[in-house]
Each structure stands twice: as C-alpha cells, then as structure tokens.
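Student: Please work out how this folds:
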Amino acid sequence: MKLWAGTPYEYSRRADGLVFTAGACPLDENGEVVSPGDVVGQAERTLENLLAALQEAGVGTDSLLKTTIYVAAEDRSDLVRVWEVVAARLGRAPSTLLGVSLLGYPGQLVEIEAVATAEQATGPPTA
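Tutor: Numbers count the residues shown, from 1 in each chain. All right, here's what the predicted structure looks like:
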C-alpha cells in the first residue's frame, strides 16, 4: 500500500528504541478520505495505513506497545464497531479508545496512532 505523499508531517519516527506513528487516517493514495460516513470502512483503511507506516519504520504488529484510537461519533456503538475492527487486526495490545467531536480531514471519522518497540526494527531509522 502506498501512503499519501502529501501529508504535512512524517508518518513515523524512531527514537530511543521506540517507533512513534502519527495518527493514521482513512486516506487513499490521493489524500482523499475513503468510506464517507462508514466508521467500519474508515477503520479498515486506517489500519491498512497504520500497518504500512509501521512497515516503513521496519516494525510489525508484534512490536506494538500501545495504540490510541479516535472516533468522531455521537453514538458509543460506533466506538464499539471500530474497536472490533482494530481488535480483529491487532489483537489485545494495550489501547485507548476515545470518542471525539472532530478529526483533521473533512469527513474523517477514525484516526489511530501507535507506539512500537524498535528493538528488532529492520528499516532505516526515521530520526
């Protein structure tokens, strides 16, 4: 998967044996939000982008230490639906799940950031 090159920030950075990711968003390779109005579709794309950012940093899901998941929703059931998608892909890594009122891109409903250990990283350092 190719991440959108137009972001005004780095997707990840390595420091002191850790990898920190920016919040992964449900963007396609052209920078467009996918699956408007669909938290499950956006969660799936957001996870794909998060996994691609981790891969570029040289780590995989086995290196995850913590995730933070943001869901722009008024109904708690949307948070649960997103959590089910995340848990199915990432397992039971420590995580924080938050309901928020607004995210950065128009139409964006989901964002996920992560911290991973870089002890066994295979890619080039990003910092």
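
Student: residues contacting the residue nearest to Ser101 when sequence neighbours are not counted?
Tutor: Among residues not flanking Ser101 along the chain, Ala72 sits closest, at 6.5 Å (Cβ to Cβ, 6 or more residues apart in numbering). Placement of C-beta: from N, CA and C, glycine included. Residues near Ala72 by Cβ atoms under 8 Å, 6 or more residues apart in numbering: Gly99, Val100, Ser101, Leu102, Leu103, Gln108, Leu109, Val110.

Student: 6 Å instead?
Tutor: Val100, Leu102, Leu103, Leu109 (Cβ atoms under 6 Å, 6 or more residues apart in numbering).

Student: Would you map the strands across the chain?
Tutor: Using DSSP state E, the strands assigned to the chain run over residues 12-15, 18-21, 64-72, 95-100, 110-117.

Student: and the third one, which residues are buried?
Tutor: Residues of strand 64-72 classed as buried by neighbour count (16 or more other Cβ atoms under 10 Å): Leu64, Thr67, Thr68, Ile69, Tyr70, Val71, Ala72.
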